[in-house]
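**Student:** with the sequence up front, the predicted model follows.
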Amino acid sequence: MNIHLGLTPIISLAAGILILVVPRLLNYIIAIYLIFIGLIGLFGGNGFNFK
């Protein structure tokens, strides 16, 4: 049985948890999240599958 996890959902989950734990960092977390999503969109996230 293979489990394939994409990088985008992992980053989204981490950002959501950080926002819940440290709400004062909301602006920074959103900015970093958007940068990561943009980089994944530009360069493709196909090479980041975990097995």
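**Tutor:** That came through, no problem.

**Student:** secondary structure element holding the residue nearest to the spatial centre of the chain?
**Tutor:** Centroid-nearest residue in the chain, with Cα atoms, centre = their mean: residue 11, separated by 1.7 Å. According to DSSP states H and E, residue 11 maps onto helix 7-21.

**Student:** show me what that helix is packed up against.
**Tutor:** On a contact count with 3 or more Cβ pairs under 8 Å, 6 or more residues apart in numbering; DSSP states H and E, helix 7-21 meets helix 26-43. Yep, even glycine has a C-beta here, placed from its N, CA and C like the rest.

**Student:** just the angle between the helix it packs on and helix 7-21, please?
**Tutor:** On the basis of axes from the mean of the first three to the mean of the last three Cα atoms, to 10 degrees, helix 26-43 is oriented at 180 degrees to helix 7-21.
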